[in-house]
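Visitor: sequence-free structure coming up:
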């Protein structure tokens, strides 16, 4: 006789199961199978992953037993738990029936009516684990509740002797959605983990999921507890992940209420499609923050022992992408200029750029004391630059990309009629260089 759910519709009793040393079979090759492997390994299980004939694209962790073969019922020998995670729902159900006939508890992913157990949304801190379950009905809400509890964990941990009543009184409520979600575009630097910024290191240790680029070494991400997903793009490689797919993956993770890190090699603002990801997420109401990193341009010069600028020799640095080789002279409006030490020469710089053909309506950003406590950000146009008052140390940025920033990003914003390109879709025009110009008296 099939057991009936309770009057409240509950079927799954929350339990803490000792999985240390137990043999668990995971069948599948996609994201769900990877998540299950990471979770089970953390709790000491012996995991076998059967890909059902699919070759894994990512490197295989040494502790994972991988069988890149078609599933066979013989694999159930000695197994105590089964996760059926293939993209074929009927196959998953058949695996569940075969396992159940052998007395093996089974989880059929995204199919609670065919599950013996469901996996809750889990938050771990030391020996403490918090598990939130919606009885298999609302995964997004389970994750949102889990994240809300995690956000309040520091306050709860400050009173280790707190009574259950006090803990319940302090526990937050959550309704799901994007309230607790955020996406960080994190610069991982050129490769050496020691060049990672302290802020980036702290954030990577706090997020739920990390989507990382092809040039980011996955072994360098191993210390961070969040789930890792490769979303690499390489020129000329057919298996590169489309930018629109990456945009949607970031949004879906945020929509589940997760904290998301988009980990990019170098600095996110240089040739990394950060603008498209910012536009896509902002248009959908997702909070986004960019965490800068050390660019390969700076690291390559530093590791080779030469400067990028030299008094009397080189007063300008120009960053170009090799993907637009062979083009004619670059139009001014398709570039970005960055001036250092520009506070004393704003009128002259405006005049020089006008002579080069820059339009008077070109957006301009002026950032005093960048990232310091005294930081002040202003936005105006090239035409109004001579009348703008700004103090040193000043970074001046000129170009259409300045018009993409929201008005709330600036302490003073006088920009009018700024060109605001739509970056929701992948642009067909090739990328133009960013020029970093040192206007010190040389």
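Guide: That came in fine, so what should we check first? Being a predicted model, the structure only gives us computed values, none of them experimental.
Visitor: show the pLDDT at the residue nearest the centre of the chain.
Guide: Nearest to the mean C-alpha position of the chain, by Cα atoms, centre = their mean, lies residue 262 at 2.1 Å. Residue 262 carries a pLDDT score of 97 in this model.
Visitor: name the residues of the helix or strand hosting residue 276 that are buried.
Guide: With elements taken from DSSP states H and E, the one containing residue 276 is helix 274-283. Burial within helix 274-283, assessed by neighbour count using 16 or more other Cβ atoms under 10 Å, is assigned to 274, 276, 277, 278, 279, 280, 281, 282. Any C-beta I mention is one placed from the backbone N, CA and C, and that applies to glycine too.
Visitor: the residue lying closest to the first one once chain neighbours are set aside and residue 94, how far apart?
Guide: Yep, that's residue 274 we're talking about. Distances taken as Cβ to Cβ, 6 or more residues apart in numbering place residue 268 nearest to residue 274, at 4.3 Å, with adjacent residues excluded. As for residue 268, its distance to residue 94 is 45 Å (criterion: Cβ to Cβ, to the nearest Å).
Visitor: helix, strand or coil for residue 347?
Guide: Secondary structure, DSSP: H, G, I helix; E, B strand; the rest coil: residue 347 is helix.
Visitor: residues contacting it?
Guide: By Cβ atoms under 8 Å, 6 or more residues apart in numbering, the contact list for residue 347 reads 385, 386.
Visitor: who does the residue nearest to the centre of the chain bridge with?
Guide: Under DSSP bridges, the beta-bridge partners of residue 262 are residue 185, residue 211.
Visitor: tell me how far it lies from residue 340.
Guide: Counting by Cβ to Cβ, the gap from residue 262 to residue 340 is 28 Å.
Visitor: next: residue 137.
Guide: 56 Å.
Visitor: and the two? Which one has more around it.
Guide: Set side by side, residue 137 and residue 340 show unequal neighbour counts under other Cβ atoms under 10 Å, the larger going to residue 340 at 15 against 12.
Visitor: per-residue pLDDT of the more buried one, please?
Guide: The model reports residue 340 with a pLDDT of 79.
Visitor: wait, isn't it in contact with residue 392?
Guide: No - contact status for residue 340 versus residue 392: not in contact, 10.2 Å apart, counting by Cβ atoms under 8 Å.
Visitor: between those two, what contacts are shared?
Guide: With Cβ under 8 Å, 6+ apart applied, the contact sets of residue 340 and residue 392 do not overlap.
Visitor: looking at the chain, which helix or strand is least sure?
Guide: Within the chain, no helix or strand scores below helix 164-170, which has a mean of 36 by mean pLDDT, DSSP states H and E.
Visitor: next, residue 71: phi, psi?
Guide: Backbone geometry at residue 71, expressed as degrees, to the nearest 10, gives phi -60, psi 140.
Visitor: against residue 98, how distant is residue 76?
Guide: With the distance defined as Cβ to Cβ, residue 76 ends up 7 Å from residue 98.
Visitor: what count of nearby residues applies to residue 88?
Guide: Around residue 88 there are 12 other residues, counting by other Cβ under 10 Å.
Visitor: quick check: buried residues in stretch 104-114?
Guide: Counting neighbours by 16+ other Cβ under 10 Å, one finds that the buried residues in stretch 104-114 are 104, 105, 106, 107, 108, 109, 112, 114.
Visitor: could I get the average pLDDT for that stretch?
Guide: Here stretch 104-114 scores 89 as its mean pLDDT.
Visitor: quick one: contacts of it?
Guide: Contacts of stretch 104-114 with the rest of the structure, by Cβ under 8 Å, 6+ apart, involve 11-12, 28, 32, 76, 79-85, 89, 92-93, 95-96, 99-100, 115-119, 135-137.
Visitor: next step: these restricted to strands.
Guide: Assignment to strands by DSSP state E places the following of the contacts of stretch 104-114 there: 81, 82, 83, 84.
Visitor: tell me who's in contact with the residue lying closest to the second one once chain neighbours are set aside.
Guide: Put plainly, it is residue 82. Setting aside the residues directly before and after it, residue 82 is nearest to residue 99 in space (Cβ to Cβ, 6+ apart), at 4.3 Å. Under the criterion of Cβ under 8 Å, 6+ apart, the contact partners of residue 99 comprise 76, 79, 82, 84, 105, 106.
Visitor: now do the third one against residue 71, distance only.
Guide: The reference is to residue 82. 11 Å.
Visitor: comparing these two, which residue is more hemmed in?
Guide: Each of residue 82 and residue 71 had its neighbours counted (other Cβ under 10 Å), and the higher figure belongs to residue 82 (25 against 21).
Visitor: specify the beta-bridge partners of that one.
Guide: For residue 82, the beta-bridge partners are residue 25, residue 106 (DSSP bridges).
Visitor: change the start of the numbering to 833 and stick with it
Guide: In the new count, where the first residue is 833, that last one comes out as residue 914.
Visitor: is it true that it touches residue 860?
Guide: No - applying Cβ under 8 Å, one finds residue 914 not in contact with residue 860, separated by 11.0 Å.
Visitor: tally of neighbours for residue 1043?
Guide: Here the number of neighbours of residue 1043 (other Cβ under 10 Å) works out to 26.
Visitor: which ones are touching the nearest residue in space to residue 1060 that is not next to it in sequence?
Guide: When the adjacent residues along the chain are set aside, residue 1060 lies closest to residue 1042, with 5.1 Å between them (Cβ to Cβ, 6+ apart). By Cβ under 8 Å, 6+ apart, the residues touching residue 1042 are 1036, 1053, 1056, 1058, 1059, 1060, 1061, 1092, 1093, 1095.
Visitor: number of nearby residues for the last one?
Guide: Pointing back at residue 1095 there. For residue 1095, the number of neighbouring residues by other Cβ under 10 Å comes to 27.
Visitor: so the nearest residue to residue 1027 once chain neighbours are set aside versus residue 1131, what's the distance?
Guide: Spatially, and ignoring its direct neighbours in sequence, residue 1027 is nearest to residue 1021 (4.0 Å; Cβ to Cβ, 6+ apart). Counting by Cβ to Cβ, the gap from residue 1021 to residue 1131 is 7 Å.
Visitor: is residue 1058 in contact with residue 1041, as I believe?
Guide: Yes - between residue 1058 and residue 1041 a contact is recorded at 5.2 Å, counting by Cβ under 8 Å.
Visitor: mutual contacts of the two, please.
Guide: Shared contacts of residue 1058 and residue 1041, counting by Cβ under 8 Å, 6+ apart, come down to residue 1093.
Visitor: what kind of secondary structure is residue 1169 in?
Guide: When the structure is split into helix, strand and coil by three-state DSSP, residue 1169 lands in strand.
Visitor: tell me how far it lies from residue 1221.
Guide: Distance, residue 1169 to residue 1221, by Cβ to Cβ: 20 Å.
Visitor: more neighbours: which of these two?
Guide: In terms of neighbours (other Cβ under 10 Å), residue 1169 is the more surrounded of residue 1169 and residue 1221; the figures are 23 against 9.
Visitor: the nearest residue to that one once chain neighbours are set aside: neighbouring residues, count only.
Guide: Computed as Cβ to Cβ, 6+ apart, the closest residue to residue 1169 that is not its neighbour in sequence is residue 1230, at 4.2 Å. Using other Cβ under 10 Å as the criterion, residue 1230 is surrounded by 27 other residues.
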